[in-house]
Every structure is written in C-alpha cells, then in structure tokens.
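> can you look at this prediction? I've put the sequence above it.
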Amino acid sequence: MTICLGALCEDGEKIVVAADRMITFGDSEFERDVRKIIPITQTCMLLSSGSTLPKINLIRDVKRELREHRSPNVEQVVASLKEKFVGKRCQRAEELHLHPLGLDFGQFIRNQGNLSDGLASRLTQKIEDESLGLTLLVAGVDSDGGHLYLVKDPGISNCYDVVGFLTIGSGEHHADLSFIRASYSPTILLKRAVFLAYQAKRDAEMAPGVGSRYTDIGIIDEDGVSFLSDEILLELGEVYKVLMESNIKSNREIDAKIESLDLSPSGMTKAVTRKQENHEGGNMTNSIMVIFPYLYNGTWVFDDKSKQFDKEAFVAGIPPMMESLTSQIPNAHNGFRMLFSAAPFPGCHKALEWVRSEAAGGNWYKETETDLEGWLCPSIFKYFDEAPKNIYVQAEPLNHSLDR
C-alpha cells in the first residue's frame, strides 16, 4: 500500500524518483517523517512496496556485500539484491514450513523418500508459494547511463530502461496512466520529467493505501541524488492545482458539447447489423441503413446531418411509392423510420429493382409488386458505393424499437 516511481529523462542520463512515506508492518499502515527513497550506493536508490521488515534486513545485507566493490554498477546492485532476496525467501520458507517438523532444507531434500507422498507434496507446494510480500524498485546511474529495475518474488528482476518509467505499489495503475497519457519517454527534459513524476504521484493518491501527507522527489545523476526542497514541491503543487482546475473546466465544456448532440430522428442515420438465414441454411450479414422521411410542404423529404442533407427531396415517381409504403403507419406524414439495404432482410416490406441509369445522373428503380417506377438522385451514392441491383425497404413508426 504505497506509491513509488522512477522515470528516466535527459536521454536516459538522469532519473527522477518519487514516493510517499506510507509504510506497512503486518496489518498496520501509517505515514512517518522518513523518506522511503533509500541510497544503496551514491548513485543508486532503492524504493519498496510491501512489508517493511524484510526490506530492512535485505538492504543491510546488500550494503555489506557491496562494500567489497569499489564502484558497483546498477546491474551488480540488482544481482546482489536478487541473491539476498532469494536467500531471505528460502529462510522464511524454511522457518515457517520445515522447522516445525524438525527439518531444514538439506534434511527435507535427503528425506523426501521417507515422507508420505501427500506430506512431501504439500510441503513442496508451500515452499514454492512462500513470498516475502516485497517489491523493489531500483533506480541508479552508472557509466552506461540511468537504469530502472524491478525486483520481486520469487527473486526475479526486469529492466525497464526501454519503457522509461516504472511504478510499484497500490497506486501504480493510476501513476502508470499519468505517464502513458503524457506519452512519456526517456528523452523528456528534466523539468518536464519532474512535474510528470509529481503528477503521477498525486494522481496515485486516489488509490487506497497511498500516502498524501508527504511527497518526496529526488533527481539521480552521476554525482548522486538531490531532493527537491519544500518550496519547489509547493510550486509543483500550484501547477498541479491549475492543471486539475483546467481539467474540470474542460470536462464542463465537454459535458456541454455532449448535451448539445442532436439525437432526434432527424439528426441521426443508423447502421445496424442483422443476420438472416440464406437458402442453404448459412448466415448472411446485411448492412442496413436508416433514415427518417417526413412530409414537408407536400413533398417527401429527409434530413441526414452526417451526409449534410437538409430536406433532401424524393421526386420523380418516388412519392407514390412512399404513400404505398406508409399506408399502414398512422401519422406517417409527420415522420417514420425507413430501413433499407442492398440485400433482403427479415421484415422488409418492398423490393425495388434497378431499371436504368439516367444520363443526367441518378438511377431509375421499379417496385417489383406494382411496376411503379421512380428516380433516385445521385445522393444514393452517399449510402452505396455503386447503384445496387436491388434495394429492400421497410417502414416502421418512429416509436418502433430497433431491437431484434
């Protein structure tokens, strides 16, 4: 329950680290006036998530071992951490699962054949599942530049140099999202990286268990680590406040734009998908378009803002077809829903068959039942790539559901 993060910057030459001060002892969590960014070497820091007690012993043992190296690089630090991590985990598993039976690891391995299959299997599984409950973030700079490593159970490590940032703790998902939205990369300049690290930490405070009383930010380079002063942290807080207020303002503007959307029948053209069985019993998927015609000054018209149509008229033989199509729909002159497709679909009322094209543009179609002919203007190509051989049509009242 915490947030710790590291971010490479300045082409990977420097690292910004940030953390809260939340610590965990068993089931207890609290913030204290001590930084969680711990130096392992002059230019390599350790941040952790999880139980505090295993970390204390781990850091002590790693520092003792690294004293033998004049200037250990980050990879050597990680290797030592992994070795000690595995050792502590094995020690814990031995104490919890083998010592109560009067065994150590050597005795367990030598005497497995004398144990019942069930007992040996259960003990093996418990040992394999044993965890320190500890996740480590290693951030350091050496002769090769800055490096970020994750060390976790059962004693494995991963390098995050290519990603450019690394977060651990209960707030890691919120912090990750902050970096991702900023399109973060190791090429980002230092000041920008400092603010994005601050923003990620503050965003992570929305997660349970992340401390909000303290924010520590350090900058690691070849000379060591420097921590931001309280004055600079206050300035970052003011910038963050402005950002949050601008987001609220933007959200209000977005809400206003959403509320202004025209979702009335005249403002929409819908495409839905329906499936019907073909003659062989297979499935055929048809694209069905929807418009909402109505009578305006004695002429059938329709609007479609997505196609920039305003009172687009049906003329030249189409009006009689419209009257026939809507004869069973009450108040159809005030508007109705018309579905159409180049392929037959369940419930279609009429079928139009292509007859000929017009030299001046448009195409003539006839009703298959009555042989009535009507002309469709070139606007048809807003819905079809080419004039279809057949058009299947269905008319519905406006209050009819589209759910099938």
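Here it is on my side, so go on.

> quick one, helices of this structure?
Assigned by DSSP state H, the chain shows helices spanning 52-66, 74-93, 105-110, 117-129, 172-181, 190-204, 230-259, 318-325.

> adding mean neighbour count, write the ones you listed out as a markdown table.
For glycine as for every other residue, the C-beta is placed from the backbone atoms N, C-alpha and C. What follows is the helices of the chain, written out as a markdown table (neighbours: other Cβ atoms under 10 Å):
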| stretch | mean neighbour count |
| --- | --- |
| helix 52-66 | 16 |
| helix 74-93 | 19 |
| helix 105-110 | 12 |
| helix 117-129 | 12 |
| helix 172-181 | 19 |
| helix 190-204 | 22 |
| helix 230-259 | 11 |
| helix 318-325 | 18 |
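
> among those helices, which comes closest to residue 44?
Comparing the helices of the chain by their distance to residue 44 (Cβ to Cβ), the top pick is helix 74-93, with 5.1 Å.

> just the angle for that closest one relative to helix 52-66, thanks.
Angle, helix 74-93 to helix 52-66, by axes from the mean of the first three to the mean of the last three Cα atoms, to 10 degrees: 130 degrees.

> domain ranges for this protein?
Taking automatic domain parsing as the criterion, the chain consists of the domains 4-228, 265-396.

> for these, which one ends up most surrounded?
domain 4-228 (a mean of 18; mean count of other Cβ atoms under 10 Å).

> what about it, how long is it end to end?
Domain 4-228 has its terminal residues 16 Å apart, counting by Cα to Cα, to the nearest Å.

> distance from that domain to the middle of the chain?
Averaging C-alpha positions (Cα atoms, centre = their mean, to the nearest Å) puts domain 4-228 25 Å from its chain's average.

> need the domains of the chain in a markdown table with mean pLDDT and distance to residue 242, can you?
Below are the domains of the chain laid out as a markdown table (pLDDT from 0 to 100; distance: least, Cβ to Cβ, whole Å):
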| stretch | mean pLDDT | distance to residue 242 |
| --- | --- | --- |
| domain 4-228 | 91 | 11 |
| domain 265-396 | 77 | 37 |
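
> including distance to residue 241, could the ones you listed go into a markdown table?
Shown next, in a markdown table, are the domains of the chain (distance: least, Cβ to Cβ, whole Å):
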| stretch | distance to residue 241 |
| --- | --- |
| domain 4-228 | 10 |
| domain 265-396 | 39 |
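
> and the ones you listed: which comes nearest residue 251?
With Cβ to Cβ, the closest approach to residue 251 among the domains of the chain belongs to domain 4-228: 14.7 Å.

> residue 220 is nearest to which of the helices of the chain?
helix 74-93 (10.3 Å).

> can you tell me what sits against the closest one?
By Cβ atoms under 8 Å, 6 or more residues apart in numbering, the surrounding residues in contact with helix 74-93 are 40-41, 44, 46, 54, 57-58, 61-62, 65-66, 69, 72, 105, 126-127, 130-132, 134, 136, 138, 140-142, 147, 149, 151, 153-157.

> shouldn't residue 21 be in contact with residue 34?
Yes: between residue 21 and residue 34 there is a contact under Cβ atoms under 8 Å: 6.5 Å.

> which of the domains of the chain sits closest to residue 236?
domain 4-228 (4.5 Å).
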